[in-house]
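[1] I would like to see how this sequence folds:
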Amino acid sequence: MRKIYFLIDPFRIFLFVCCIFVCSSNADAYTVTKVKATLKSGQVFITWKCPNATSLKYRVYQATKPFTAKNQIKNSAYLGYVRDSSSKNIRKSHFYSQNIYFTIKAGSNALAPDDGLYVTTCTTTKQYYYAVIVENMLTGLADTTLISGQNTTAVALKNKLVAPQPILQKSVPTNGDISYEYVIWGNNITSALQPAFNNCGSYGYNFTYITHTTVTGGLMIYYRDTDPFTPFMPSNCTNCNLLLLDDWLPNGENSYWYGYHENYDMYTYTNPVFSSGIVKSYTQDRVKWTLDWVVNNQNIDPTRLYAHGVSHSGFGPLLTGVMFPKLLAAVWVTVTPPFIRAFPGTPREMQWGGYYDSLLTNVSNPNDGLPLMIWDLFDMRVMYRINKEVGVSYMAGVHGKNDITLGWVEYYYWYDSLEVANQGGVWYWDQRKHNGNNKNFSDSEASINYDRFYSNRSYPAFSYCSINQDWGDGTSTSGAPYGAWNGYMDWVDASITDLPDAYSIKCMIKDMYAGGVLMTQYNSCTTDLTLRRVQQFKPLPGDHILWTVIDVNNLVLNSGSFEYDGQPITLHNITIQKTGVTVSFVNTGPLKTLNTIQAKSSPIIKIEKTSEGYLANILAEAPADISFQLSDEMGRTEWIKSRSLKTGVNQIQIYGSAGLKVLYITGVGINYSEKLIF
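    This next block holds a predicted model:
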């Protein structure tokens, strides 16, 4: 059999292989053209023409020298990336079911569908060149060829440190008001002028501002990710403009108005469940930046910022109220969870970490500066306690016992937690479902008057009010079917006297209505009262404070004194009447020692914790007989004792069984109470 031989030319093989490689590369790799960089208000807007393909990622780089060689990419600063259709306002396009493209200069034409856009915030004043590299997400291939004027800028652009400005997309007259639709671009870089809004790169965020008044007014802020565009004006805020905020991610999720893990990919629905790392407050930081911009650039009174949200969107105002407690004057939420957690198997675990983990956040504890854990930050019961000293925004809301979407909140001891937090507010409940059906309180009855609240005006925070309706034992069928925590409590704003050495306020019991029907009326009650947002009355630790509760007939109902310890001032178990009482405080200066202080017209009492219980130190100006009574929270008496005081210092040991108790000391010229924990 004759053998047949084939002559193989090595050079031909080489050309064949090169041809296959080049063809494959050309099929899988892409590049952009006509790249351009423009400076606008402290941000660099980089635009280009996109290739005719999808599933692409556009990586953007920055360098101080021109891009001329491929290896420069490795040594340049990687800014971040955008995906397909970066010139398209995808959020607004989805909402209106039509293609809407960004405008990057107010009043000019919108970008074209084949335009690409990346916006970065300036962090220095240096000159930079920019390059755009395209990555094929299906193959992972990227064409790193650099062509000046095509996919790299040919001329350096000098950066400038100026506060970024949102860009007006359009303005719409509506019922005499004007609705301004803005977009603010943020990215993954934190600077002194703008925090990071996400962890991947440039993205445009929508918000809508509606002008209703031409004079300086308040700002009603609606956290409304169901519709951040359609304007309206609230009826319960006089002389206010409106701000609509959005929380939307390009994967179709929201961030529950907080943010997500530093490695979470907001473009995809599938992410791992992170067990370490930091859960960052991207959304709240953007909300705070937006509020600051509106206050600084619109006709807004910064002390009159009010926030509202419904359901999960109400969690945004709650977070703002505890993360930035001096920002909002008042918050009202409807059927909103006061605490959240990522349940096993849900997409929320991808955003915040596993249910059984509690990852670190980038939010600091105001007491020690250490980072908070995510499940603590997401729990208003914990955050109220953590913010005991600094306080929180005045917050209030309504929940439903038949809300199967949220659940009956007292199952998680929400109202019980409010009692011990001393933060105040008013919280209603009734038979409503999550959609508001079956409610007992009308919207006007379960509400607050925003107009009375200013972030620079103090208010009394009530707790342990004796005439609160019974919220039950945590089951939806127990307790009163409808009622409120602090629903009867009120005060007169005009009565507030807030001076360096004295403070006074008139408080009273108000009427409550449900469905237009007057609820049970009361002539008097007892309550704890904590002073919040005090402006001038700020004693120093060690100062001696005298206090009184006086009715309309100038009869002293309660009185006492204490040495200020630096914590928010709280009076326990004082009497409030329907006709009104005046609660007054006077700072008499440093309390040096009980043995050397000058005697006052009423005995001076100081309670000290000891290893065996408490020690009552009483300074009396004359002999007197007094009575001691120790009771539990339900008013059940544990013991009653009588003692005779001598002139000068008297020390009496106080014992009690384990738990929270109330100590009453009464006698001629003395009516004192204090909560004690044994």
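[2] so how far is residue 170 from the residue lying closest to residue 381 once chain neighbours are set aside?
    Leaving aside its sequence neighbours, residue 381 sits nearest to residue 417 (CB to CB, 6 or more residues apart in numbering; 4.0 Å). For every residue, glycine as well, the C-beta is placed using N, CA and C. Plainly put, residue 417 is 45 Å away from residue 170 if you go by CB to CB, to the nearest Å.
[3] comparing the two, which residue is more hemmed in?
    residue 417 (20 against 13; other CB atoms under 10 Å).
[4] shouldn't the more buried one be within a strand?
    No - the assignment for residue 417 (DSSP: H, G, I helix; E, B strand; the rest coil) gives helix, which keeps it out of a strand.
[5] shouldn't it be in contact with residue 379?
    No - judged on CB atoms under 8 Å, residue 417 makes no contact with residue 379 at a distance of 9.2 Å.
[6] three-state assignment of the spatially closest residue to residue 77 that is not a sequence neighbour?
    Distance criterion CB to CB, 6+ apart; nearest residue to residue 77, sequence neighbours excluded, is residue 62 at 4.5 Å. Following three-state DSSP, the label given to residue 62 is strand.
[7] also residue 381?
    The three-state label given to residue 381 by three-state DSSP is helix.
[8] check contacts around it.
    Contact analysis of residue 381 by CB atoms under 8 Å, 6 or more residues apart in numbering lists 338-339, 412-414, 417, 421.
[9] take these and keep only those in helices.
    Counted as lying in helices by DSSP state H, out of the contacts of residue 381, are 414, 417, 421.
[10] and the residues you listed, which is closest to residue 610?
    residue 421 (26.6 Å; CB to CB).
[11] that closest one contacts residue 462, doesn't it?
    No - if you go by CB under 8 Å, residue 421 and residue 462 don't touch, sitting 11.4 Å apart.
[12] in terms of neighbours, single out the busier of these two.
    A direct count of neighbours by other CB under 10 Å for residue 421 and residue 462 places residue 462 higher, at 27 against 22.
[13] now that one, which residues is it bridged with?
    Beta-bridge partners for residue 462, by DSSP bridges, are residue 529.
[14] for it, give me its contacts.
    Residue 462 neighbours (CB under 8 Å, 6+ apart): 424, 486, 489, 527-530.
[15] ok, the helix or strand containing residue 497: who's next to it in the sheet?
    For residue 497, the element it lies in under DSSP states H and E is strand 489-498. Sheet pairing of strand 489-498 (DSSP bridges) gives strand 502-509 (antiparallel).
[16] tell me the buried residues in the strand it pairs with?
    Buried residues in strand 502-509, counted by 16 or more other CB atoms under 10 Å: 503-509.
[17] same question, stretch 363-377
    In stretch 363-377, counting by 16+ other CB under 10 Å, buried: 363, 365-366, 371-377.
[18] as TSV, those with secondary structure, distance to residue 73 and pLDDT would be great.
    Listed next are the buried residues of stretch 363-377 as TSV, based on DSSP: H, G, I helix; E, B strand; the rest coil; distance: CB to CB, whole Å; pLDDT from 0 to 100:
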residue	secondary structure	distance to residue 73	pLDDT
363	strand	35	98
365	coil	41	96
366	coil	43	95
371	strand	34	97
372	strand	38	98
373	strand	39	98
374	helix	36	98
375	helix	41	97
376	helix	42	97
377	helix	38	98
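[19] okay, the residues you listed in CSV with distance to residue 101 next?
    CSV is the format used below for these (distance: CB to CB, whole Å):
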residue, distance to residue 101
363, 35
365, 43
366, 43
371, 40
372, 40
373, 42
374, 37
375, 41
376, 42
377, 37
